[in-house]
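Visitor: quick one, structure for this:
(2 chains)
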Amino acid sequence: MAVIPVQRQPLSLAERTYVPQILAGLRVTLRHFFAPNVTLSYPEQRPAIPPGYRGVPTLVKDPLGREKCVSCQLCEFVCPPKAIRITPGAIPAGTPAAHVEKAPQAFDIDMLRCIYCGLCEEVCPEEAIFLQNQFSMSGYSRDEMVNHKDRLYELGGTLPDSHFKWDKKKEAAAHGNAH
Amino acid sequence: MSAPAKPDLVTVNIDGRDLAVPKGTNVIEAARQLGIEIPHYCYHPKLSVVGNCRMCLVEMGLPAVDPATRQPLLNPATGRPRVNWMPRPQIGCATNAMPGLHIRTNTPLVRECREGVTEFLLLNHPLDCPICDQAGECRLQEFSTSYGRGYSRFVEQKNVKPKQTRLGPRVMLDDERCILCSRCVRFCQEVVHDDVLGFTDRGSYSTLTCYPGRQLENNYSLNTVDICPVGALTSTDFRFKMRVWFLKATPGIDPESSVGANTEVWSREGVIYRITPRRNDEVNDTWMADSGRTLYQQVHAADRLAGYTIDGQATAPDMALKAAADLLGSGRAAVVGSGGNSVEEQFLAKKISAALSAPAMLVSRVGQGDGLLVSADRNPNVRGALVTGLISALPAPQLAALGADIDTGKVKIILTLGEDLTAAGLTSAQLAKVAIVYLGTHRNATSAAARVVIPTLTVFEKNGMFINQQFRLQKFARAVPGPHGVADDLVTLSRLLAALGGGTIVPDLHSLWAVLAVEVKPLAGISYASLSATGRVLDASPWAGLPFVEGESLHFKPAAQPAAATA
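Guide: You can find the predicted model right below:
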């Protein structure tokens, strides 16, 4: 193996005193001292969340308060870490949303499994599941880290709806859509 | 033409490939043999052809013939017969194979036809897929993806029709989804001969309806749900329970009667959601009875036995088996086998009865045969007991002889393999006189009276074989795991056998079948692995003289006169 001897350059006088280096370092420190802060006092201060951010998956209701999920289980199917677990069920006759026929009896998302990939939101045909701005989840037990249906609706709230697909359907049924 | 035609075969040419098929085979089936799928909705291989969905349109041609000489004209360029193609497409389902028939299934004309048919079918079809139970196994969904145009040009309002019509106790109709293929109507007419369904009104008002005052309530109504190519007919039992793409299908055998209808057991994560028929042209075609579809509910029934007990006290499996062996070994035992046990279990039961030199018997269950897929013998596997030699005569519904033996003190211990002895005619006073070792799945009067209770598995939780009324050996596979801690029935029986000094049998199906093939003559040369999914008919001649109770049913004619007890 070839050996290449490297000649170490001798330090100059200025370098040997360290003074210019210390001053240069102090200059950097002082500049940051007076510059605006880049850190936040989390959790008192919260960062601004950019649009399209993928936070905790949540279930949403439409502006009329109807739960949008019809438990088609596509999110459960597509979920790569199998974090979603749905028990489908029928909507009892006589309730306002009875014409939708189907809604989840139970809807659990295990946040210890969730990888925040957003495929559930992408696959949802009813626009019922959204990854919103909430990003921190904590709990003292594994059970606490599973978001059940009521918690998911609490996190999700109401989002605007541009379709009102089921309301249109109900309206059409009411008018009979004579053909 | 290249394929040599046999006498009853005709050669047809589909997409440029020659195929010899029996004369009269329709084009859809012929194309299927070549691996070419002709999409169809209304055609069903076991029903009559109506040709009303128009999805199977294909181009058809026949060889040109010289009008003077009646000789086929040849194409001078290729040397092959010249084909006169019809200017308009024909439906494949109603086109039968004839000599020289030429079919093209993938031309621009055919593709355009399919696209047009699909567009018309989708005009008024609701956007229900997220809430539709058929999604995932829906022909309309599949063909719309494969042959549809991908977007809708329809800007008018869709028709509104009733979405939740109860056709019968087990079937719901969603009229908006119905594509009027009439499979269900034909099924009720032609297979069940219960002509209860029909279409009323015309055009876009057409509606599937029951005859006034009638309901779709025959014991085969759920087959209409199976054959419905869309989600119009749904099962009230399976409705909104689980999406089909999560379910795993396991081949099974319907244990409700000796017909042995082939089934598919659909489960997810150890829970069974539904049972549907599996096609077997020799046994059940593509049908099964509704009564066999709810049997999965016994798996998670409240009265399911889940623990080993001695005198009512919970114990370990080893202790229970040892107690059972000690009891049985003390002499004067009798073995009550079951026509619900598999062939393998009956073989082990026979070994146990031989080791104990105890008499073995079965309990027969006789009901009314319906002439279709529920036979009079409600035990799925009485013939298995005959073949394995557990019994040599047909069982009686009551254990009168055993009762007499108990009264005279000839029998002191009974090993019952799943049979409820009180239901079989023994009184509780008689049960009190004997020690009972009960192997079974559910609690009953016998398990309550038993000294030793050993839980076993239901037919959905184990592998095995049944022999049906045709002496057809058919295998079923384990769909879901058994209850926690309950050993496989073969393990239980073989350990019991070993403890009784009856020899060692490896409780594994493949080793067991190696023994069965040697020791049971009619089963020679058969193994669990090699038995085909459609089963194998055994030689029934040794039992030809027995008065079996079954009457005539689908694909079955009784050899002997049925006993007087049945219709």
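Visitor: do the lowest-mean-pLDDT helix or strand in chain A and chain B meet?
Guide: Lowest by mean pLDDT, DSSP states H and E among the helices and strands of chain A is helix A:165-175, with a mean of 85. Yes - using C-beta under 8 Å from any C-beta of the partner chain, helix A:165-175 reaches chain B at A:K165, A:K169, A:A172, A:A173, A:H175. (C-beta placed from N, C-alpha, C; glycine too.)
Visitor: mind saving the C-alpha coords of that helix as PDB?
Guide: Output of helix A:165-175 as PDB, limited to C-alpha atoms (Å, rounded to 0.1, in the frame of the first residue of the first chain):
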ATOM      1  CA  LYS A 165     -74.800  13.200  -2.700                       C
ATOM      2  CA  TRP A 166     -77.200  11.500  -0.300                       C
ATOM      3  CA  ASP A 167     -79.400  14.500   0.300                       C
ATOM      4  CA  LYS A 168     -79.800  14.800  -3.500                       C
ATOM      5  CA  LYS A 169     -80.700  11.100  -3.600                       C
ATOM      6  CA  LYS A 170     -83.300  11.600  -0.800                       C
ATOM      7  CA  GLU A 171     -84.700  14.600  -2.600                       C
ATOM      8  CA  ALA A 172     -85.000  12.600  -5.800                       C
ATOM      9  CA  ALA A 173     -86.700   9.800  -4.000                       C
ATOM     10  CA  ALA A 174     -89.200  12.300  -2.400                       C
ATOM     11  CA  HIS A 175     -90.100  13.700  -5.800                       C
END
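Visitor: tell me which residues in stretch B:424-439 are buried?
Guide: B:A424, B:L426, B:Q430, B:L431, B:V434, B:A435, B:I436, B:V437, B:Y438, B:L439 (16 or more other C-beta atoms under 10 Å in any protein chain shown).
Visitor: mind listing what B:G525 touches?
Guide: Neighbouring residues of B:G525 by C-beta atoms under 8 Å, 6 or more residues apart in numbering or on different chains: B:A517.
Visitor: now the one 4 residues further on
Guide: B:A529 sits next to B:H510 when contact means C-beta under 8 Å, 6+ apart.
Visitor: same question, B:A94
Guide: B:N26, B:V49, B:G51.
Visitor: which one of those residues is nearest to B:R274?
Guide: Ranked by distance to B:R274 (C-beta to C-beta), these are led by B:V49 at 28.8 Å.
Visitor: do I have it right that the closest one meets B:H40?
Guide: No - B:V49 is beyond contact range of B:H40, at 10.1 Å (criterion: C-beta atoms under 8 Å).
Visitor: all helices for the chain, in order.
Guide: Since you didn't name a chain, this refers to chain A. Assigned by DSSP state H, chain A shows helices spanning A:13-17, A:19-34, A:74-78, A:119-123, A:149-156, A:165-175.
Visitor: could you do chain B instead?
Guide: Applying DSSP H to chain B gives helices spanning B:27-33, B:108-123, B:139-147, B:183-187, B:222-227, B:317-329, B:343-356, B:382-388, B:400-408, B:428-433, B:445-449, B:489-499, B:509-519.
Visitor: just checking, what packs against the last one?
Guide: Under the contact criterion of 3 or more C-beta pairs under 8 Å, 6 or more residues apart in numbering or on different chains; DSSP states H and E, helix B:509-519 touches helix B:343-356.
Visitor: what inclination does the helix it packs on have with respect to helix B:317-329?
Guide: For helix B:343-356 against helix B:317-329, the angle by axes from the mean of the first three to the mean of the last three C-alpha atoms, to 10 degrees is 50 degrees.
Visitor: and the residue of chain A most remote from its centre, how far from A:I22?
Guide: In chain A, counting by C-alpha atoms, centre = their mean, A:L13 sits farthest out from the average C-alpha position, at 57.6 Å. Distance, A:L13 to A:I22, using C-beta to C-beta, to the nearest Å: 15 Å.
Visitor: in chain A, which residue sits closest to chain B?
Guide: A:C72 (3.7 Å; C-beta to the nearest C-beta).
Visitor: which residue is the nearest non-sequential neighbour of that residue?
Guide: B:P130 (3.7 Å; C-beta to C-beta, 6 or more residues apart in numbering or on different chains).
Visitor: residues from chain A in reach of chain B?
Guide: Close to chain B, as judged by C-beta under 8 Å from any C-beta, chain A has residues A:70-74, A:76-77, A:88-90, A:93, A:99-102, A:125-126, A:165, A:169, A:172-173, A:175-177, A:179.
Visitor: what does the longest strand seen in chain A contact?
Guide: Assignment by DSSP state E gives strand A:102-110 as the longest strand of chain A. For strand A:102-110, contacts defined as C-beta under 8 Å, 6+ apart pick out A:57, A:59, A:67, A:69-72, A:83-91, A:97, A:145-149, A:152, B:130-131, B:240.
Visitor: hang on, the earlier thing: wait, which of the helices of chain B is closest to B:V283?
Guide: Ranking those by distance to B:V283, with C-beta to C-beta as the measure, places helix B:382-388 first at 13.8 Å.
Visitor: mean confidence score for the closest one?
Guide: Averaged across helix B:382-388, the pLDDT comes to 95.
Visitor: swap in stretch B:104-115?
Guide: Mean per-residue pLDDT for stretch B:104-115: 95.
Visitor: ok, residues contacting that stretch?
Guide: B:14-15, B:31, B:36, B:38-39, B:54-55, B:57-61, B:85, B:89, B:92, B:143, B:147-149.
Visitor: buried members of the contacts of B:A94 into PyMOL, please.
Guide: Entered in PyMOL, the line below selects the buried ones among those, by 16+ other C-beta under 10 Å:
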select buried, chain B and resi 26+49
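Visitor: now, which of the contacts of B:A94 lie within strands?
Guide: Short answer: these have none in strands (DSSP E).
Visitor: including pLDDT, could the contacts of B:A94 go into JSON lines?
Guide: JSON lines is the format used below for these (pLDDT from 0 to 100):
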{"residue": "B:N26", "pLDDT": "93"}
{"residue": "B:V49", "pLDDT": "96"}
{"residue": "B:G51", "pLDDT": "93"}
